[in-house]
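Visitor: Give me a model of this one.
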Amino acid sequence: MTPDEVLLEEGRKALRIERDSIDSVEKELGQPFVDAVKLILNTKGNVIFSGVGKSGHVGRKLAATFSSTGTTSFFVHSDEAAHGDLGMIKPDDVFVAISFSGESDELLTILPALKNLNIRIIAMTGRAESSLARAADVSLVTKITREACPLNLAPTSSTTVTMALGDAIASAVMGAKKFSREDFARSHPAGALGRRLLMRVQDVMRTQNLPIVSSQASLMDAVEAMSKGKLGVVIGVDSSGIPEGIFTEGDLCKILRNTIDINKVSFKDVMSRELKSIYSHLSAHSALEEIKKYKVNQLIVIDSDKNFSGIVHIQDLIARKVC
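Guide: Below is the predicted model of the structure:
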């Protein structure tokens, strides 16, 4: 084997070991998993993850996952908990202790205090006979045959299966709570999904200095308004301000190709009356879909009473990263 092939084989071997470890845990999944999910579903408090070393890193990740999927959660370092942070934990909370050996001194030290508070404890460990597993109300055992590390020493397979099992619990809790895409978006307002589901047309539409003229105006006046608006479009409205037509830079180019004297043309004679509109309360993403559908650059925005409210332009949607 070439040096590159040796490296590839080592990588594939590690992935196979971790994959097989997850498969093994899946096959052993049973009532303890159900009990753990029910404990979390029924708690009136928070879900507290704790651990040290690599288990602590896994705990931090799982706490973040639970918090972002509808279950209030946070991480407490086991050592810090023994020196004052235990005061953050309340009787209604569920405590998830992570230790593959199940003999972490830092965790075992705080277990009696947790028991005195009647806090329910879920253990995530690799040993069913460990001190942690015996002390917990629910014990989730993640047995593995070996670590993916070539020396079979560094926590690799063990941390992978623990994290995967934690994700499985979070997924089951989400399903039971009927946690929706909209719920997820509310926890991630800055993300792409948040922008897609939460941002409305009224949040991105333009309402000031709109390129609007009377439908009775001359085409020259309409072109001047379009130029000032810098949107490549001008809207013709009636005496009540209700949109009647639209005229774009593309329409102007077509007229100029026919060598028409625009000074002698009335705007109402050339504007298109096929207005593409959207309600202001709809999602900004739906405006993007309509723009793509009709192959236009902008939409007229109307309110619930179908009154003209503004213009939403493709430039504004791109600027707000609605995609």
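Visitor: Quickly note the distance from the nearest residue to Leu117 once chain neighbours are set aside to Ser78.
Guide: Leaving aside its sequence neighbours, Leu117 sits nearest to Pro91 (C-beta to C-beta, 6 or more residues apart in numbering; 5.1 Å). (Each C-beta comes from the backbone N, C-alpha and C, glycine too.) Going from Pro91 to Ser78 by C-beta to C-beta, to the nearest Å gives 19 Å.
Visitor: Looking at those two, which has the bigger crowd around it?
Guide: Ser78 (25 against 12; other C-beta atoms under 10 Å).
Visitor: Who are the contact partners of the more buried one?
Guide: Ser50, Gly51, Val52, Gly56, Ala97, Ser104, Glu106, Leu107, Thr109, Ile110 (C-beta atoms under 8 Å, 6 or more residues apart in numbering).
Visitor: now it, nearest residue through space, not along the chain?
Guide: Glu106 is the one closest to Ser78 (C-beta to C-beta, 6+ apart), at 3.6 Å.
Visitor: Correct me if wrong: Phe179 contacts Ser68.
Guide: No - if you go by C-beta atoms under 8 Å, Phe179 and Ser68 don't touch, sitting 10.2 Å apart.
Visitor: can you list contacts of stretch 286-306?
Guide: For stretch 286-306, with C-beta under 8 Å, 6+ apart as the criterion, the contacting residues are 201-202, 204-205, 231-233, 235, 243, 246, 248, 275-281, 308-315, 317, 322-323.
Visitor: now swap in stretch 14-34 and tell me
Guide: 138-149, 156-158, 160-161, 164-165, 168-169, 172.
Visitor: Now do Gln208 against Leu29, distance only.
Guide: For Gln208, the distance to Leu29 - C-beta to C-beta - is 58 Å.
Visitor: Sorry, slip of the keys, the one I care about is Leu252.
Guide: Taken as C-beta to C-beta, the span from Leu252 to Leu29 is 66 Å.
Visitor: Comparing those two, which shows the higher neighbour count?
Guide: Using other C-beta under 10 Å, the more surrounded residue of Leu252 and Leu29 is Leu252, with 18 against 12.
Visitor: In contact with the closest residue in space to that one that isn't next to it in sequence, which residues?
Guide: Among residues not flanking Leu252 along the chain, Val223 sits closest, at 6.4 Å (C-beta to C-beta, 6+ apart). By C-beta under 8 Å, 6+ apart, the contact set of Val223 is Val234, Leu252, Ile262.
Visitor: All set, thanks.
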